[in-house]
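Peer 1: With the input below, show me the fold.
(2 chains)
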Amino acid sequence: MDWELLLVIFIVALALGFDFINGFHDAANSVATIVSTRVLTPTQAVIWAAFFNFVAAFGLGIHVANTIGKGIIETSIVDEKLILSALVGAIVWDIFTWRVGLPTSSSHALIGGLIGAALVSAGPDVIIKEGVERTSAFIVISPLVGFIAAVFLALAVMRLYARIAPSTAQGVFRRLQLLSAAAYSLGHGTNDAQKTMGIIAVLLFTTGHLGGEFHVPLWVILSAHAAIAAGTLMGGWRIVRTMGLRITKLEPSDGFAAEASSAAAILFATQVGIPVSTTQTIAGGIIGVGSTKRLSAVRWGVAINIVVAWVLTIPASAAVAALTFAIVDEF
Amino acid sequence: MAALVLTPIFFALKLLLDAGLGVVFGTVIASALFLGYLLRQETMR
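Peer 2: A predicted model of the protein is given here:
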């Protein structure tokens, strides 16, 4: 077996590892709300989330994979070194921010990694301005849309509560939260797994393993969804052990409003082919629901951390990827 | 109920996106700030 093929296999495994870590890292977002409302037990919630992460492989398109694969940088300059550097940039930044507790987006880190490595490899002309602009704008737009949609949905829920008995309403929302949690996991699965698919597909395409036309093979789709679902399953189990009763108690109607609105925002972005941060979008939804009760009840420190993450992630991961490329290119 | 609330929001978002990235960006930020202001007025009473 030649060394070039071994390197491609290693980078594909690294990309799937990045996807696994994404699921592991985001498992809390997928299960915390539905567990805290006691709609599902932690075990049931983890299995529910991982199942819908995987099911998202079917029927939700590959628009985001196409954006990552051929919409951020020119495919003509992509090679093994560039993809390896982009992944290292994203992974290093993710680990650093996880250690310091900053809620960054793996998606934005990956895009920053691609931009940084491409800049050192071939200069600014290979950056596709339109793709970077759309993605950068949605860093801000997506959580705000989650916030706005959650406010309107929470207000509609409050009106409903005025008309029917609270116990009846909570019973209805307990069942509806099963659907909203499933929708959120579908959105998380499809938007996040497609980023890995895009990276793997462009690597295979530029190294001549995909034939003459860029496409995402079925095995790449299935393996990316399996990796993120496995990550959710493993991350969720870890949460089951450590979570106890530390999660803030939420009403099922609050959980439903936050999950349904952020799921809608993520699925919308997926359909128009824009990679977004699922973590920051559900944070926007939760802040929206909290704001309808009392603005001072919202932990604004989280919102400020998200803004810091918006500003830092792409430049920082780009810098790490650029440095990595410069080193790797010497060999 | 969720469909009744969410569908118009995302239909409007698609129209704004078709109109241009700057349009959707400005409108979403302005709407979020305005909504925050209204919520502040309501919940401070």
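
Peer 1: alpha carbons only for contacts and neighbour counts from here, please
Peer 2: Fine.

Peer 1: check contacts around the nearest residue to residue A:180 once chain neighbours are set aside.
Peer 2: Beyond its immediate neighbours in the sequence, the residue positioned closest to residue A:180 (Cα to Cα, 6 or more residues apart in numbering or on different chains) is residue A:260, lying 4.9 Å away. Counting by Cα atoms under 8 Å, 6 or more residues apart in numbering or on different chains, residue A:260 makes contact with A:150, A:180-181, A:183-184, B:2.

Peer 1: wait, residue A:325 sits on residue A:117?
Peer 2: Yes: here residue A:325 lies in contact with residue A:117, judged by Cα atoms under 8 Å, at a distance of 5.7 Å.

Peer 1: Comparing these two, which residue is more hemmed in?
Peer 2: Set side by side, residue A:325 and residue A:117 show more neighbours around residue A:117, with 31 against 26, by other Cα atoms under 10 Å in any protein chain shown.

Peer 1: excluding its backbone neighbours, what's nearest the closest residue to chain A within chain B?
Peer 2: Of chain B, the residue with the smallest distance to chain A, taken as Cα to the nearest Cα, is residue B:43 at 5.4 Å. With sequence-adjacent residues excluded and distances taken as Cα to Cα, 6+ apart, residue B:43 is closest to residue A:294, at 5.4 Å.

Peer 1: now that neighbour: how far from residue A:144?
Peer 2: Residue A:294 sits 18 Å away from residue A:144, taking Cα to Cα, to the nearest Å as the criterion.

Peer 1: More neighbours: which of these two?
Peer 2: Using other Cα under 10 Å as the criterion, residue A:294 and residue A:144 rank with residue A:144 on top: 27 against 14.

Peer 1: which element is that one on?
Peer 2: When elements are defined using DSSP states H and E, residue A:144 is found to belong to helix A:129-163.

Peer 1: what's that helix packed up against?
Peer 2: The helices and strands touching helix A:129-163, judged by 3 or more Cα pairs under 8 Å, 6 or more residues apart in numbering or on different chains; DSSP states H and E, are helix A:252-271, helix A:278-291, helix B:2-19, helix B:21-43.

Peer 1: As TSV, those with distance to residue A:315 and mean pLDDT would be great.
Peer 2: Compiled in TSV, these are given as follows (distance: least, Cα to Cα, whole Å; pLDDT from 0 to 100):
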stretch	distance to residue A:315	mean pLDDT
helix A:252-271	23	89
helix A:278-291	18	85
helix B:2-19	26	84
helix B:21-43	21	86
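
Peer 1: can you list those in TSV and add distance to residue A:111?
Peer 2: Formatted as TSV, the entries for the helices and strands packed on helix A:129-163 read as follows, by distance: least, Cα to Cα, whole Å:
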stretch	distance to residue A:111
helix A:252-271	16
helix A:278-291	15
helix B:2-19	21
helix B:21-43	19
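
Peer 1: nearest to residue A:47, of the ones you listed?
Peer 2: Across the helices and strands packed on helix A:129-163, the minimum distance to residue A:47, taken as Cα to Cα, is reached by helix A:252-271, at 17.2 Å.
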